[in-house]
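>>> sequence and predicted structure below; questions after.
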Amino acid sequence: MPGPDTAPRHSPGAHSATPPVPDTASAVVGWAAFSCVLVPVVLLWYGTSLAGAAGTALGLAAVTAACRVLLRQSERGAALLRAEERAPQHGRHGRGGAGVMSGAHGRSGAGAHRGGRRGAGNKPVD
């Protein structure tokens, strides 16, 4: 009889722990904010007027804010798609989504029962 040391560590249906996913959107926004400070400083260093550097800083801040909004919206959409993929699929009449092979004869869900008479065999239709 096998001892406790020989038992499998993971059952076949168990989910392994996934490593944490880095927040790439926050990293991008962080670098963009850094550039909002760095670019005007460099412009001032090279002799651009204070008004020009300030205008550049405001423009970069506006672009950064818009990109941040779009990135967060994209992340929410991706999270919704992942959640839908994990959820059980209940397509038309509970037989799977469009384009998914289902049924006993491998017919797709949409338009599977088109045309012809049942029980007519190979007789031509008048």
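Perfect, thanks for sending it. For clarity, every value in this text was computed on a predicted model and none was experimentally measured.
>>> pLDDT weak spots in this protein?
Per-residue confidence for the chain (pLDDT under 70) gives these ranges: 1-22, 89-121, 123, 125-126.
>>> now do the helices in it.
With DSSP state H, the ranges of helices along the chain come out as 24-45, 50-86.
>>> for the first one, name the packing helices and strands.
Contacting helix 24-45 under the criterion 3 or more CB pairs under 8 Å, 6 or more residues apart in numbering; DSSP states H and E are the following elements: helix 50-86. C-beta here means a position set from N, CA and C on the backbone, and glycine is covered the same way.
>>> between the helix it packs on and helix 24-45, how big is the angle?
Helix 50-86 runs at 170 degrees relative to helix 24-45, counting by axes from the mean of the first three to the mean of the last three CA atoms, to 10 degrees.
>>> adding mean neighbour count, write the helices of the chain out as TSV.
Shown next, in TSV, are those (neighbours: other CB atoms under 10 Å):
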stretch	mean neighbour count
helix 24-45	14
helix 50-86	12
